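1. Please work out how this folds:
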Amino acid sequence: MTAATTSHPVMRTGSGAGADRAYQLLRTVFTIAPIAFGLDKFLGLLTDWDQYLAPWIDDLVPGPAHQAMLAVGVIEVVAGIAVAVVPRFGALLVAGWLAGIIVNLVTMGEYYDVALRDFGLLVSALALAALAFGRHSATA
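-> Got it, this is the predicted structure:
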């Protein structure tokens, strides 16, 4: 009896059981988290979001920081919905948004811990986009 060797083209295209689980997990978290954080900009249950807005960005946008953070909340809700509906593009939107958040935090000269966490989330959002594009091309 000879041992059969198999290649794994399924994993290269972003499908397969493990990739499917990873895709579902990432899609779920990047749908729920942006929507939850976006809604909390209006509720203020988790933190005082205004403290995370860099002064130079606050100077660029009209109105007080709180109004800017309300706009941020709307964008985050939209990004979460985009991940749910069209994950390959929604994930890129979330990744871009996280890049903006990282720049905002680093230029403040504080909250480096949050910036580092958001970098990990950015990489995870890019992984979701890669998996989503793989799934889309495999079915197209």
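2. Which SSE is immediately downstream of the helix or strand of the chain with the lowest mean pLDDT?
-> Every helix and strand in the chain was compared by mean pLDDT, DSSP states H and E; the lowest is helix 9-12, with a mean of 46. Next along the chain after helix 9-12, taking DSSP states H and E as the criterion, comes helix 17-43.
3. which regions of this protein lie under the pLDDT threshold?
-> 1-15, 138, 140 (pLDDT under 70).
4. and with 90 instead?
-> 1-19, 134-140 (pLDDT under 90).
5. Where do the helices of it begin and end?
-> 9-12, 17-43, 55-60, 65-85, 87-108, 112-139 (DSSP state H).
6. Please compute how far the third one lies from its chain's middle.
-> Helix 55-60 sits 23 Å away from the centroid of its parent chain (C-alpha atoms, centre = their mean, to the nearest Å).
7. what's in contact with it?
-> Contacts to helix 55-60, defined as C-beta atoms under 8 Å, 6 or more residues apart in numbering, come from residues 64-65, 68, 104, 107-108. Glycine gets a C-beta too; all of them are placed from N, C-alpha and C.
8. Switch these over to TSV; also include neighbour count and distance to P34.
-> Listed next are the contacts of helix 55-60 as TSV, based on neighbours: other C-beta atoms under 10 Å; distance: C-beta to C-beta, whole Å:
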residue	neighbour count	distance to P34
P64	12	23
A65	18	20
A68	19	17
N104	18	16
T107	13	22
M108	17	21
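9. which one among the residues you listed gets closest to L92?
-> Taking C-beta to C-beta as the measure, L92 lies nearest N104 of these, at 18.8 Å.
10. How many residues are close by the residue lying closest to the closest one once chain neighbours are set aside?
-> The shortest distance from N104 to any non-neighbouring residue, by C-beta to C-beta, 6 or more residues apart in numbering, is to A54 (4.8 Å). Number of residues near A54 (other C-beta atoms under 10 Å) recorded here: 18.
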